[in-house]
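Chemist: dropping the sequence and predicted coords here.
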Amino acid sequence: MLIGEIRNEAATYADTLTGRPVWRLTSAGVINMTPTYHTNSGFTADGRYLVLVSIREGATWLLRAEMATGELLVLWRAPGLGDRSYLHRGMEFPWAEADGRGLCGNRVCLAPRSAQAVLAHECALLRVDLHSGEVNILLEDCGEEWIFGAPAVDLQEKWVAIALSSAH
């Protein structure tokens, strides 16, 4: 995959139990993960886009999905697998290649009106614009002695809050 690339992996099928139509954005990737409910929705305010993390090709990717078409825009690439914060806690990953240089969907949140994804990666806190793909560093280095919790954006989308925990 390439940053800026647009892909469409969406498929529609009938749920085998209910018969309801189901829209699947992707079946590719080892893991596909959206920000979780307790950190902010992964949807933009108008419901048009969803931000998600996908592990593929030995890296972790930040993707924007357009809900009406299923198009995936490749926004950003973390060079490895497995989140640094989880590795520091001794959690195990199902991949021998896990090096803590990846990204976790739990460490991503979205400012829904401005469509700015905020994410913790390694020791940095970043902002990625869902439309332009522009990346800005919000906090360059929290230090090796700290690990990030999940970021959150305030309702006015002016501030980002993130907890730090001892890495030890």
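Modeler: Done, it's in.
Chemist: can you pull out the helices in this structure?
Modeler: Per DSSP state H, the chain carries helices over the ranges 84-88.
Chemist: by mean pLDDT, which helix or strand of the protein comes out lowest?
Modeler: helix 84-88 (a mean of 67; mean pLDDT, DSSP states H and E).
Chemist: distance of Ala161 from Leu2?
Modeler: As for Ala161, its distance to Leu2 is 33 Å (criterion: C-beta to C-beta, to the nearest Å). Yep, even glycine has a C-beta here, placed from its N, CA and C like the rest.
Chemist: neighbour count winner among these two?
Modeler: Neighbours around Ala161 and Leu2, counted as other C-beta atoms under 10 Å, are more numerous at Ala161. The numbers are 12 against 7.
Chemist: for that one, give the beta-bridge partners.
Modeler: Ala152 (DSSP bridges).
Chemist: ok, it touching Gly149?
Modeler: No: the criterion here is C-beta atoms under 8 Å, and Ala161 misses it with Gly149 at 9.3 Å.
Chemist: what sits in contact with each of these two?
Modeler: Listed as contacting both Ala161 and Gly149 by C-beta atoms under 8 Å, 6 or more residues apart in numbering is no residue at all.
Chemist: which residues does Asp141 contact?
Modeler: Counted by C-beta under 8 Å, 6+ apart, Asp141 has contacts Cys123, Ala124.
Chemist: same thing but at 10 Å, please
Modeler: Glu122, Cys123, Ala124, Leu125 (C-beta atoms under 10 Å, 6 or more residues apart in numbering).
Chemist: tally of neighbours for the last one?
Modeler: Burial of Leu125 is recorded as 20 neighbouring residues (other C-beta under 10 Å).
Chemist: quick one: neighbours of the closest residue to it other than its chain neighbours, just the number.
Modeler: Distance criterion C-beta to C-beta, 6 or more residues apart in numbering; nearest residue to Leu125, sequence neighbours excluded, is Leu139 at 3.9 Å. Residues near Leu139, counting by other C-beta under 10 Å, number 15.
Chemist: and for Ala59?
Modeler: Using other C-beta under 10 Å: Ala59 sits among 17 other residues.
Chemist: pretty sure it contacts Gly82?
Modeler: No: under the criterion of C-beta atoms under 10 Å, Ala59 makes no contact with Gly82, lying 11.3 Å away.
Chemist: between those two, which contacts overlap?
Modeler: Common neighbours of Ala59 and Gly82 (C-beta under 10 Å, 6+ apart) are Glu97, Arg101, Gly102, Leu103.
Chemist: show me which of the residues you listed are buried.
Modeler: Arg101, Gly102, Leu103 (16 or more other C-beta atoms under 10 Å).
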